[in-house]
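> Have a look at this prediction, sequence included:
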Amino acid sequence: MSAAGPPQDAKGALSGGSAPASAAGAGTHRPKGVDHARRQILAWGAAMAGVAIAPGITLFDLAHGRPPSEPASRTKRWGMLVDVNRCAADCNACVVACDRENGLPATKTATSAQWIRKIELKDMRGGSKSLPMMCQHCAEPPCVDVCPTGASFKRADGIVLVDRHTCIGCRYCMMACPYKARSFVHEPVSDQKPDVPRGKGCVESCTLCVHRIDRDQLPACVEACAASGHHAILFGDLNDPGSEISKRIAAVATRQVRADLRLDTGVRYQGI
Amino acid sequence: MVRASATAGSVCRRWAALVALVVVAAPALADAPPGARASRVPQPAVTATAAGSCVEDTAFMRRNHMELIRHQRDLTVHEGIRTTKHSLANCVNCHADPKTGRVTGRKDAFCEGCHTYAAVKLDCFECHSDRAKAASTASVEKAK
């Protein structure tokens, strides 16, 4: 009985829009029962579209739709789980996608900002592992503690950001961050993306693609990693025990980088 | 004697009517777009190109646009509220020059023209994009 609930609801929402089209296209001789069956199938299709098509990827996530007029919710905590065993050493699709999404220069110089970088972990017994390193979006962020102007802050849903309107470019947060996740913009910037304003004299770092999250999209690196076929990064709500990321963290051994600092990072790693 | 005073009275009335006309017409003339009349003072060289009406009354926007976008910026950055009505991106989308697609870069560009005239530093676009998004997204965002 409970299984029949969602498709009936979906049918109710769907039938209003599809009824005129089916009446016009299907002719007048179709028996009523067949039409009902077609609608049922359509409704199942609509219900299935919200289900994951691959780990971490959904056509649309019915759980975290938020209208643009509503503030970010404290009930969420966005996080990532990086499966290091799936991350290929010769792949930097996440870095390229991040640069493109946020308008960072494609050609790097010594002073270029780095929001995400690929690093190599060497095992003392030989062998190495490659993984992406970016802002870990700590629950207790040291960068926020030290900021003299309040520019470095944590949003209600756990995303650590810099408010460039109040950042004075003192770079104290860069010194406080144990992950070297933040960069200072040394050169004048032009041709910024409309969604990602950035300019000389401010500190910046991974925003977890906050402009995309607010539109119910995945961060650019997560999408690019899946598109490259590696599916190494899983994005989701750490506060929701039913989310894919929470289930995986409950099921497999995951680690926080520098867990000894007890910063409670939002980015977790599996396989290191 | 009586007749002379009557004549003086009618002259006074005519002057009063003329003064009243000028007083009434002055604000209307002041609101006329630059170039519509010869002005004794220099006017901002802004060509208003946006079609349709602004999100608020024009006179209100002239005085208060900075308050609206400052308020919106804090809501967006800190709380993630992304309504487009008072967002800077929405301003740029509507007011960008149709030829250049920008609100700065020329003396008669919408933002730069007026800010140059008023000698107010325009530093939004040191970080923010001064280019309009594609026309399709602009019309969608204006509708919201």
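Sure thing, it's come through.
> confidence score at the residue lying closest to residue B:65 once chain neighbours are set aside?
What sits nearest to residue B:65 in space, not counting adjacent residues and going by Cβ to Cβ, 6 or more residues apart in numbering or on different chains, is residue B:91, at 7.4 Å. Bear in mind the C-beta positions are built from the backbone N, C-alpha and C, glycine included. On the pLDDT scale, residue B:91 is placed at 93.
> Doesn't residue B:91 belong to a helix?
Yes - according to DSSP: H, G, I helix; E, B strand; the rest coil, residue B:91 belongs to a helix.
> count of residues packed around residue A:78?
Look at residue A:78: counted by other Cβ atoms under 10 Å in any protein chain shown, it has 24 neighbours.
> near chain A, which residues of chain B show up?
Neighbours of chain A within chain B, by Cβ under 8 Å from any Cβ of the partner chain: B:73-75, B:77-84, B:89, B:92, B:126-129, B:131, B:133, B:144.
> Quick check: ChimeraX command selecting the buried ones in those.
Here is the ChimeraX command that selects the buried residues among the residues of chain B next to chain A (16 or more other Cβ atoms under 10 Å in any protein chain shown):
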select /B:73,75,77,78,80,81,82,83,84,89,92,126,127,128,129,131,133
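> Domain parsing of chain A, as residue ranges.
According to automatic domain parsing, chain A comprises the domains A:5-49, A:78-270.
> Adding mean pLDDT and distance to chain B, write these out as CSV.
CSV is the format used below for the domains of chain A (pLDDT from 0 to 100; distance: least, Cβ to the nearest Cβ, whole Å):
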stretch, mean pLDDT, distance to chain B
domain A:5-49, 46, 20
domain A:78-270, 96, 3
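> most tightly surrounded among those domains?
When these are scored by mean count of other Cβ atoms under 10 Å in any protein chain shown, the highest mean neighbour count falls to domain A:78-270 (a mean of 18).
> Can you give me the first-to-last residue distance of that one?
As for domain A:78-270, its first-to-last residue distance stands at 17 Å under the measure Cα to Cα, to the nearest Å.
> and that domain, how far out from the chain's middle?
10 Å (Cα atoms, centre = their mean, to the nearest Å).
> what residues are up against residue B:102?
B:96, B:109, B:130-132 (Cβ atoms under 8 Å, 6 or more residues apart in numbering or on different chains).
> again, but for residue A:193
So residue A:193 contacts A:101-103, B:129 (Cβ under 8 Å, 6+ apart).
> And for residue A:88?
Applying Cβ under 8 Å, 6+ apart, the residues contacting residue A:88 are A:130, A:230.
> Surely residue A:211 is within a helix?
Yes - per three-state DSSP, residue A:211 lies within a helix segment.
> related to what we said a few turns ago, adding secondary structure and pLDDT, write the contacts of residue B:102 out as JSON lines.
Converted to JSON lines, the contacts of residue B:102 look like this (DSSP: H, G, I helix; E, B strand; the rest coil; pLDDT from 0 to 100):
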{"residue": "B:96", "secondary structure": "coil", "pLDDT": "91"}
{"residue": "B:109", "secondary structure": "coil", "pLDDT": "91"}
{"residue": "B:130", "secondary structure": "coil", "pLDDT": "93"}
{"residue": "B:131", "secondary structure": "strand", "pLDDT": "92"}
{"residue": "B:132", "secondary structure": "coil", "pLDDT": "90"}
